Each structure stands twice: as structure tokens, then as C-alpha cells.
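A.B. asks: For reference, the sequence and a predicted model appear below.
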Amino acid sequence: MTTAPPTQHATTPRATAPDAPGAPPRAAGTDVPTLSLRGVSKRFPTGTTALTGVDLDVTPGEFVSVVGPSGCGKSTLLRLASGLDGVTGGEIDVAATTTSYVFQDATLLEWRSALKNVELAGELRGVPRSERRAAAQAALDLVGLTGFEKQHPRQLSGGMRMRVSIARALVAEPDLALFDEPFGALDEITRLRMQTELQRLFELKRFAGLFITHSVSEAVYLSTRVVVMSGRPGRIVDEVEVPWAYPRPPELRYDPEFASLTGRVSAALGEHS
Ligand SMILES: Nc1ncnc2c1ncn2[C@@H]1O[C@H](COP(=O)(O)OP(=O)(O)OP(=O)(O)O)[C@@H](O)[C@H]1O
Ligand SMILES: [Mg+2]
């Protein structure tokens, strides 16, 4: 899941992504996209075309949500971005040293404690024990799980398991963080709480984020930009910029301007599904 050791500067906001080996040279005064898709298509051997002609950039400090009808290719898009699967047309460039992936299910190892789940990536990379333990503890503190380090996943609620999963993703200080409907299985109250938490973490860490969701209000609340996809084969049919700075108060959801943005996204979804 991750490829580089965590840095010592856990809370320093990042203005730009570090240059990865082989990354394109940085143009003066501009941010190189951390993730760039150009004319990306994906056709599976079964004959299903999941995506067609997708152009999408995510620059450092951007949090982009993707909404679209079920089966339009959102998870496929994320898998392609992560390198778990390959494109059949177009190109993907990733200028990230470290990419993390948060799945819909928390996908924790049941026999390891919360702390040891978060430590795992560091362990696999050979990060010294005390260093990886300190980083894992800091990540658990950040997601509000101080005191739950020793609990095993089955002893945690769904929301807490998801927090562990997010701590595990963020402990490696990713430049690019990919989320596939991480809050889909949570009850509404926990989900709203997790949204508040995630945008606070985004404010601290300023990774480039790509977030898949079925919830239009979740997309608007979390993101700097919302991308709307058509029904399969998925392509991008609309983009809506979200203006508010972070951190965003939970009450933002009651703002008339917020309702107007969710209305625009919903209308685009309705037109193209
Ligand atoms: N490995 C695969 N082989 C063949 N077809 C696939 C494969 N993975 C996905 N598909 C097909 O590609 C299309 C897009 O699937 P994908 O999982 O990306 O949709 P999605 O937008 O994430 O849907 P949902 O919102 O329900 O999660 C679907 O028709 C699916 O059946
Ligand atoms: Mg999916």
C-alpha cells in the first residue's frame, strides 16, 4: 500500500508534492498534478467498457470527489489510479512518492491490535520499531483513538474500524490518498462525524485526495472539487468547484450556498445517469 517511510514533519502542510523519481519536471510557478489521467479508457476482457475518455488532474492540496451512478466505473478509476490495474487506452501519470488506498471495508487484520494494524506498513518497509510505533500512535491520536491502541478490530465499532483504516493510510504521509466509498457502510451520524474528521485531517496533511462516494452532500462537504460521471461507460460530464476553506464547520451543510452546490451536482447526476 505504501512505499516510503513517514517523514518527521507529520503536521506540516504540503504546498507541493515531492518530485518522485521519473516525475515530469515541475513548471515554474505551477503545481504538477499528483495524479493525471489523459483520455483514459478501460475495457475488461469480458467486453465491458467501464471507462471512456477520462481526463482528470488532481494537484497537491486538492481533494476531488467523484460521484456517479452505480456501475459507472468509479472503483475501476481508483484502481487504475493506484496502479492495481492497467488502462486499455490513454495515460496515467502519478507524481507521488507514497500513495495510500482506503477501501470501503476497513480491511483490518483481525489478529493484530489497532496499533499493530497501523504499524504494519512501516514494519513491511523495515522502519525501526520505536519509530514506526511512535508514528502509528500519532496517527491513532489524530483520528481520535487514543486509548484504543490495544483493542482488536472485532472489539471496535464500524466507525472506529474505519478510523484505524484511515490512520493506517495517513501514517505513511501519502502524497496521494485514494478513497473508495470509505463511509458507505456507516450509520448516518457516524458518517457525518467521519466526514468532519476527514476534512480536518485533510487540512493538516494536504495530500492530493481522490474520493469516491454516492453521497452528493458528502462530496461537496469534503472536496475542493466534485466530478460527476455519466452512466457506464463512465466519462466525466461535469465538474463543480467548492469554494470554502478548511476546516469546514459541520453547520456548513445548512448553508444555502451549500444547498445550491449539492443541487447542481444532483442535477448533473440526474441528467447523465
Ligand atoms: N475485473 C472486472 N472484470 C470485468 N468487468 C468488471 C471488472 N471490474 C469491474 N467490472 C465492470 O465494470 C463496470 C464498472 O465497475 P465499477 O466497480 O468500477 O463501478 P462503480 O462505479 O464503482 O460501481 P458502484 O458505485 O456500484 O461501486 C461494471 O459494469 C462492472 O461489472
Ligand atoms: Mg465501486
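C.D. replies: Arrived safely, thanks for sending. Numbers count the residues shown, from 1 in each chain. Ligands and ions are numbered 1, 2, ... in the order given.

A.B. asks: Could you pull up phi and psi at the residue found closest to residue 151 once you drop the neighbours it is linked to in the chain?
C.D. replies: Once flanking residues are discounted, residue 151 sits nearest to residue 114: 5.4 Å by Cβ to Cβ, 6 or more residues apart in numbering. All C-beta spots, glycine's among them, are computed from the backbone N, C-alpha and C. Residue 114 has phi and psi values of phi -50, psi -50 when expressed as degrees, to the nearest 10.

A.B. asks: surely residue 114 meets residue 149?
C.D. replies: Yes: look at residue 114 against residue 149 with Cβ atoms under 8 Å: they come within range, at 5.6 Å.

A.B. asks: So between the two, which is more surrounded?
C.D. replies: Shown here are residue 114 and residue 149; by other Cβ atoms under 10 Å, residue 114 has more neighbours (26 against 19).

A.B. asks: element containing residue 232?
C.D. replies: Residue 232 belongs to no helix or strand when elements are defined using DSSP states H and E.

A.B. asks: mind checking pLDDT for it?
C.D. replies: pLDDT for residue 232: 90.

A.B. asks: Regarding the spatially closest residue to residue 107 that is not a sequence neighbour, what is its secondary structure?
C.D. replies: Leaving aside its sequence neighbours, residue 107 sits nearest to residue 165 (Cβ to Cβ, 6+ apart; 6.7 Å). Three-state call for residue 165 (DSSP: H, G, I helix; E, B strand; the rest coil): helix.

A.B. asks: what pLDDT does residue 165 get?
C.D. replies: For residue 165, pLDDT reads 93.

A.B. asks: That one against residue 103, yeah?
C.D. replies: Yes: using Cβ under 8 Å, residue 165 makes contact with residue 103 at a distance of 7.4 Å.

A.B. asks: tell me, what's touching those two both at once?
C.D. replies: residue 182 (Cβ atoms under 8 Å, 6 or more residues apart in numbering).

A.B. asks: Between these two, point out the one with more neighbours.
C.D. replies: Shown here are residue 165 and residue 103; by other Cβ under 10 Å, residue 165 has more neighbours (25 against 16).

A.B. asks: how much space between that one and residue 206?
C.D. replies: For residue 165, the distance to residue 206 (Cβ to Cβ, to the nearest Å) stands at 20 Å.

A.B. asks: try residue 216
C.D. replies: Distance of residue 216 to residue 206, given as Cβ to Cβ: 24 Å.

A.B. asks: packing partners for the host helix or strand of residue 269?
C.D. replies: In this assignment (DSSP H and E), residue 269 forms part of helix 256-272. Of the remaining helices and strands, those touching helix 256-272 by 3 or more Cβ pairs under 8 Å, 6 or more residues apart in numbering; DSSP states H and E are helix 216-222, strand 225-229, strand 236-241.
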